[in-house]
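Novice: just need the structure, nothing else, for what follows:
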Amino acid sequence: MRFADDPTVEVSVHIDASPDRVWPFVTDVAVPAEFSSEFQGAEWEEGFDSPVLGARFRGTNELDGRPQWQTTSEIVECDEPRAFAWAVMNVKNPSATWRFTLHTDGGGTRLTYFARMGPGPSGLTAAIEQMPDKEERIIERRLEHHRANMTATIEGIKRLAEGV
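Specialist: Here you go, the predicted structure:
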């Protein structure tokens, strides 16, 4: 897979709680930091204090001993209690797009977490430009890393929502 293919990853979990119970955990931009090894936390940008369409937040990340970096994201979908999505850096040409979806699943919720890299440039783009012959491997490793952190995040949200 190449960066131009808009690589994606998706993970899901069943939660024994209603979408209304899961929603506050999904839309709290700081919650994933409790479970992710990369995402260190987020704060609402000035003028915003809640998850609404167009709200922006600044996230802090750290990976493999590299210096921390920050990104600004904008909420591009906020359909309570069904979908919550944000675009990273540039809404019209994001470096990544992340999305939670919630569906009623029996007596609970099916929570799905989706991420798409690109199409806009990111730190990954620079690595690919430096080693174009390794692009597929770079993408594969990044997707694996995303999958691990996304899985940890939805499993953590499951524990929070179920009160475990």
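
Novice: ramachandran angles for the residue of the chain most remote from its centre?
Specialist: Distance to the chain centre peaks in the chain at D133, reaching 27.6 Å (criterion: Cα atoms, centre = their mean). Backbone torsions of D133, given as degrees, to the nearest 10, read phi -70, psi -10.

Novice: and if you look at T112?
Specialist: The phi/psi pair for T112 (degrees, to the nearest 10) is phi -120, psi 140.

Novice: related to what we said a few turns ago, quick one: the residue farthest from the centre of the chain and V164, what's the gap?
Specialist: Distance from D133 to V164, counting by Cβ to Cβ, to the nearest Å: 46 Å. (Each C-beta comes from the backbone N, C-alpha and C, glycine too.)

Novice: swap in G156?
Specialist: Counting by Cβ to Cβ - G156 and V164 are separated by 10 Å.

Novice: the two: who's more crowded?
Specialist: Ranked by neighbour count (other Cβ atoms under 10 Å), G156 and V164 place G156 first, with 17 against 7.

Novice: the more buried one against F35, yeah?
Specialist: Yes - here G156 reaches F35: they are 3.6 Å apart, a contact under Cβ atoms under 8 Å.

Novice: do you know the pLDDT at R58?
Specialist: Listed pLDDT for R58 reads 97.

Novice: sorry, slip of the keys, the one I care about is R66.
Specialist: For R66, the predicted pLDDT is 81.

Novice: try the one 5 residues further on
Specialist: Among the per-residue scores, T71 holds a pLDDT of 95.

Novice: so what are the sheet partners of the helix or strand where it lies and their directions?
Specialist: Using DSSP states H and E, T71 sits within strand 69-79. Sheet neighbours of strand 69-79, with direction, are listed as strand 56-61 (antiparallel), strand 83-88 (antiparallel) (DSSP bridges).

Novice: which of the ones you listed sits closest to V11?
Specialist: Of all the strands paired with strand 69-79, strand 83-88 sits nearest to V11, with 15.2 Å by Cβ to Cβ.

Novice: how about the next helix-or-strand element following the closest one: buried residues?
Specialist: Per DSSP H and E, the first helix or strand lying C-terminal to strand 83-88 is strand 96-105. If you call a residue buried by 16 or more other Cβ atoms under 10 Å, then strand 96-105 has these buried ones: 96-102.

Novice: next, the angle from strand 96-105 to strand 69-79.
Specialist: Compare the direction of strand 96-105 with that of strand 69-79 by axes from the mean of the first three to the mean of the last three Cα atoms, to 10 degrees and you get 40 degrees.
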